[in-house]
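**Q** okay, here's the prediction I keep looking at, along with the sequence it came from:
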Amino acid sequence: MFLQIHTLTSYPASLLNRDDAGLAKRIPFGNAPRLRVSSQCLKRHWRDELQRLLPDVPDSLRTRSFFTRAVKPRLIELGLSEAITDALVQTLAKRVIGGGAKDTGELAQPVLFGEREADYFAQVARGAAQGAADQGAAVKALDERLKSAEEKKNLAAMKAS
């Protein structure tokens, strides 16, 4: 049996979310088109409110730009050059997400990772870059580490939680 529930909820005059063209999301309901609020929009506001109410709980990011927004600044703070950082971020995005990343490090789909994961990925990338003579060697070292059984186990645990 499949049960689908539709509800009408009144919101104050505001545009809660938009489609990819920047227009209000609409859906025909009854005899009239109505504004639609996506579940992603509601979940984002719930996450923001929980972060405000529970400041001791580590924040998380749901974004396509996780590696460029969260991991890259950490690598730069650790003293790595911009060129090596860009190469490491691209490698991390491609290997961790499994092909769902562009050459810039942006992901095809949003992911939800926390600050702890960002710290972990930055430490893994930094460790690969420390013994490397150049950008190519750093990428190769990171690639080898991500292929190791231990790292595969760690990544599988992240996906499971």
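**A** Yep, it's here. Since the model is a prediction, treat every value here as computed from it, not as a measurement.
**Q** ok, the residue nearest to residue 100 when sequence neighbours are not counted to residue 65 distance?
**A** Excluding the flanking residues, the one nearest residue 100 by C-beta to C-beta, 6 or more residues apart in numbering is residue 108, at 4.2 Å. Where C-beta positions appear, they are placed from N, C-alpha and C, glycine not excepted. Between residue 108 and residue 65 the computed distance is 12 Å (C-beta to C-beta, to the nearest Å).
**Q** quick one, which of these two is more surrounded?
**A** Using other C-beta atoms under 10 Å, the more surrounded residue of residue 108 and residue 65 is residue 65, with 16 against 12.
**Q** need the contact list for the more buried one.
**A** Residues in contact with residue 65 (C-beta atoms under 8 Å, 6 or more residues apart in numbering) are 105-107.
**Q** can you pull out the helices in this protein?
**A** Applying DSSP state H to the chain gives helices spanning 39-53, 66, 72-77, 82-97, 115-130, 135-147, 149-160.
**Q** pLDDT weak spots in this protein?
**A** Along the chain, the parts satisfying pLDDT under 70 run over 10-16, 99, 161.
**Q** would you list the helices of the chain in a markdown table and tack on distance to residue 31 and mean neighbour count?
**A** Output for the helices of the chain, formatted as a markdown table (distance: least, C-beta to C-beta, whole Å; neighbours: other C-beta atoms under 10 Å):
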| stretch | distance to residue 31 | mean neighbour count |
| --- | --- | --- |
| helix 39-53 | 25 | 11 |
| helix 66 | 43 | 28 |
| helix 72-77 | 50 | 17 |
| helix 82-97 | 44 | 21 |
| helix 115-130 | 48 | 18 |
| helix 135-147 | 55 | 16 |
| helix 149-160 | 45 | 11 |
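**Q** save these as JSON lines, and put in distance to residue 7 too.
**A** Shown next, in JSON lines, are the helices of the chain (distance: least, C-beta to C-beta, whole Å):
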{"stretch": "helix 39-53", "distance to residue 7": "12"}
{"stretch": "helix 66", "distance to residue 7": "32"}
{"stretch": "helix 72-77", "distance to residue 7": "41"}
{"stretch": "helix 82-97", "distance to residue 7": "35"}
{"stretch": "helix 115-130", "distance to residue 7": "34"}
{"stretch": "helix 135-147", "distance to residue 7": "45"}
{"stretch": "helix 149-160", "distance to residue 7": "33"}
